[in-house]
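Chemist: got a predicted structure here, sequence first:
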Amino acid sequence: GAVVSQHPSWVICKSGTSVKIECRSLDFQATTMFWYRQFPKQSLMLMATSNEGSKATYEQGVEKDKFLINHASLTLSTLTVTSAHPEDSSFYICSARDMSGYYEQYFGPGTRLTVT
Amino acid sequence: QKEVEQDPGPLSVPEGAIVSLNCTYSNSAFQYFMWYRQYSRKGPELLMYTYSSGNKEDGRFTAQVDKSSKYISLFIRDSQPSDSATYLCPLSGGYNKLIFGAGTRLAVHP
């Protein structure tokens, strides 16, 4: 149980284009999902908290107009990287908190974004 | 001072060894403790969670929490090469956030 999927697992895009990443909780409902990015050999950095049916809360320093988050249902959140640049190349990971649990989060497998 | 401190390692041990991974934290408000394992280029996998001081065991893994010392540990018995990964001990912050430390890289060699 407690499986989170992400799609795509790897994407390459050209500079200036937009990329959408999907995060789904497969066997539980999640009112709250989180988006992280991770650079090589570094720990996870929280980008934003996504709540179903409301606007996402972004961490300090994260551009909300660049990283658009939509949490349209209890099992799906999307992250759209708009006008991507090479410095946006990173590993993006989502997580979801089970409504019936406490603070533990279940993570997706991650999406590797490469902007050329 | 960082909220969660972990020795980044790498920690290298022979197969079959008992591994001890540790974290310290600074904020006594933390009440919920978790251990995740992350393989390279994968998302973190939840290993254990607890909200009380003391030990919690699950197979080869034992989580130990000492709230008075703000110190948490993960013990791995009979370590295997497949245990080679980065181990994370995030703590629960406000608004359901997880506060991550650097993670400890573990290498178990045959």
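Modeler: Good, I have the coordinates.
Chemist: alpha carbons only for contacts and neighbour counts from here, please
Modeler: Will do.
Chemist: B:Gln38 pairs with what?
Modeler: Listed by DSSP bridges, the beta-bridge partners for B:Gln38 are B:Thr86.
Chemist: count the neighbours of it for me.
Modeler: Neighbourhood size, B:Gln38 [other CA atoms under 10 Å in any protein chain shown]: 20.
Chemist: for A:Ser43, same thing?
Modeler: Neighbour count for A:Ser43, taken as other CA under 10 Å: 17.
Chemist: show me the contacts for it.
Modeler: By CA atoms under 8 Å, 6 or more residues apart in numbering or on different chains, the contact list for A:Ser43 reads B:100-103.
Chemist: same question, A:Ser73
Modeler: A:52-53.
Chemist: now the one 4 residues further on
Modeler: Applying CA under 8 Å, 6+ apart, we find A:Ser77 in contact with A:22-24, A:33, A:50, A:69-71.
Chemist: please identify the helix or strand for it.
Modeler: strand A:76-81 (DSSP states H and E).
Chemist: looking at chain B, which residue is nearest chain A?
Modeler: B:Gly43 (4.3 Å; CA to the nearest CA).
Chemist: per-residue pLDDT, residue 29?
Modeler: The chain I'm using is chain A. Looking at A:Gln29, its pLDDT is 89.
Chemist: switch to chain B, please.
Modeler: For B:Ala29, pLDDT reads 79.
Chemist: next one: B:Gly94
Modeler: pLDDT recorded at B:Gly94 is 59.
Chemist: go on, B:Gln80?
Modeler: 97.
Chemist: how about it, nearest residue that isn't a chain neighbour?
Modeler: Excluding its sequence neighbours, the residue lying closest to B:Gln80 (CA to CA, 6 or more residues apart in numbering or on different chains) is B:Glu15, at 5.3 Å.
Chemist: if we can go back for a sec, report the contact partners of the residue of chain B closest to chain A.
Modeler: A:93, A:107-110.
Chemist: need the max-distance pair from those.
Modeler: Spatial extent of the contacts of B:Gly43 (CA to CA) is set by the pair A:Phe107 and A:Gly110 at 8.0 Å.
Chemist: overlap in contacts, these two.
Modeler: With CA under 8 Å, 6+ apart, A:Phe107 and A:Gly110 have common neighbours A:93-94, B:43.
Chemist: pLDDT below threshold where in the chain?
Modeler: By default, I'm working from chain A. Counting by pLDDT under 70, chain A contains low-confidence ranges at A:1.
Chemist: chain B is the one I meant
Modeler: In chain B (pLDDT under 70), the answer is B:1, B:93-95.
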